[in-house]
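1. Here's my sequence, what's the structure:
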Amino acid sequence: MRRLFEELERIAASEATVLLQGESGTGKDVVAQEIHRHSPRRSGPFTVVDCGGIPEALLESELFGHEKGAFTGADRARDGAFVEADGGTLFLDEIAELPLAMQHKLLRALEARTVKRVGGSQWRHVDVRVIAATHQDLARRCNQRSFREDLYFRLAVLPVRLPPLRDRLEDLPLLVGAILDELGTTSSFAFDEGLWTVLRGRRWGGNVRELKNLLQRALVLGPSAFLEDIDGSAGVLEEPYKLAKARAVDGFERTYLTELLARHGGNVAKAARAGEVDAAWIFRLVKRHGIDVASLRHGVKGEKSRP
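-> Reported below is the predicted structural model:
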């Protein structure tokens, strides 16, 4: 994450188009806002278009505007998002949902930086920086011919991949603190080691958004809210089989190994004999899961801090 933040600082200072990719809930919208806020365009507008939430028939009007009478219901002329974002940043969220016909028109606008209202005849120059975001694999969508390759390369000048929460569990304390500050409250319960273990053991399919929702529930219902879905069974069918299986195996390994080492006072040789596994396997998993063997020798279960 530190490397990512350093990269984002350099990206913010540039004018190049950015493509943010990452699972739902990883904060792509927040990153887009921060890029704009630290860019030379910070005093200009930050305009958002949700490409997946607008009916296909209205997308062209939403992006480029329309003239009065251009279609049924167009009772007045309207500027589109490109014109509204002139001098600032245009954030195209869920860009993968854009229909193929609109992808061609968007590509033309990005290349020429000119737009024309629906029903109009005049082209207008716009000065915008574009940030696009998606939770889908755009390269794969290009191979499937459901996303234009030329548009992909036009958008992915500065590609940024945001990691899922399960790959940055060491950031949980920082994230919990930041979210509680954002909610304008402090927790009424103690985040002891047992509670952190529960949080580290969740699947986090919804990433940081799921963490925020969970904290909001816990503030209302108490710490029992943290015990929901602790076995990872609820909602497992929402994930691909390989990902769900890998997550389940990962959680089992971490729990089993921590309990095994704790039972034998952190002695790897004894734990290996009791578990009928090779000591090298234990050492490999200790490193993978960041288990603090030294703390287990003193009867404390935990994980070491990872840089």
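
2. what's Val49 in contact with, if anything?
-> Counting by C-beta atoms under 8 Å, 6 or more residues apart in numbering, Val49 makes contact with Glu62, Leu63, Ala81, Leu90, Phe91, Leu92, Asp93. (C-beta placed from N, C-alpha, C; glycine too.)

3. element containing it?
-> strand 46-50 (DSSP states H and E).

4. in its sheet, what does that strand sit against?
-> Strand pairing for strand 46-50, using DSSP bridges, gives strand 89-93 (parallel).

5. what does whichever helix or strand comes after the strand it pairs with contact?
-> On the C-terminal side of strand 89-93, the nearest following helix or strand under DSSP H and E is helix 100-112. For helix 100-112, contacts defined as C-beta under 8 Å, 6+ apart pick out 17, 56, 59-60, 63-64, 82, 92, 98, 115, 126, 130, 146-148, 150-151, 154-155.

6. Could you give me the ChimeraX syntax to select whichever of the residues you listed are buried?
-> Selection of buried members from the contacts of helix 100-112 for ChimeraX, criterion 16 or more other C-beta atoms under 10 Å:
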select :17,59,60,63,64,82,92,98,115,126,130,147,148,151,154,155
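
7. for the record, mean pLDDT for the strand holding Val49?
-> Strand 46-50 comes out with an average pLDDT of 96.

8. So what's the residue count around Ile95?
-> Residues within reach of Ile95, counting by other C-beta atoms under 10 Å, total 26.

9. In this structure it contacts Arg154, no?
-> No: taking contacts as C-beta atoms under 8 Å, Ile95 lies outside contact range of Arg154: 11.0 Å.

10. circling back: whatever helix or strand comes next after the strand holding Val49 versus strand 89-93: what angle between them?
-> Proceeding N to C from strand 46-50, the next assigned helix or strand is helix 56-64, under DSSP H and E. Per axes from the mean of the first three to the mean of the last three C-alpha atoms, to 10 degrees, the angle that helix 56-64 makes with strand 89-93 is 160 degrees.

11. can you give me the angle helix 56-64 makes with helix 100-112?
-> 10 degrees.

12. what helices or strands is helix 56-64 leaning on?
-> helix 81-84, helix 100-112, strand 114-116 (3 or more C-beta pairs under 8 Å, 6 or more residues apart in numbering; DSSP states H and E).

13. Determine how far the second one lies from the middle of the whole chain.
-> A distance of 26 Å separates the centroid of the chain from that of helix 100-112, by C-alpha atoms, centre = their mean, to the nearest Å.

14. What average pLDDT does that helix get?
-> 94.

15. And that helix, what's buried?
-> For helix 100-112, by 16+ other C-beta under 10 Å, it's Met102, Gln103, Lys105, Leu106, Leu107, Ala109, Leu110.

16. Out of these, flag the one nearest to Val268.
-> Gln103 (55.3 Å; C-beta to C-beta).

17. so what's the backbone phi/psi at Val118?
-> Val118 adopts backbone torsions of phi -60, psi 130, taken as degrees, to the nearest 10.

18. Can you give me every residue that contacts it?
-> Neighbours of Val118 in contact, by C-beta under 8 Å, 6+ apart: Glu60, Ser61, Phe64, Gly65, His66, Glu67, Ala70, Phe71, Ala74.

19. again, but for Arg117
-> By C-beta under 8 Å, 6+ apart, the contact set of Arg117 is Phe64, Gly65, His66, Glu67, Ala70, Ala77, Arg78, Asp79, Gly80.

20. pLDDT value on the residue nearest to it when sequence neighbours are not counted, please?
-> Leaving aside its chain neighbours, Arg117 sits nearest to Gly65 (4.2 Å; criterion: C-beta to C-beta, 6 or more residues apart in numbering). Looking at Gly65, its pLDDT reads 91.
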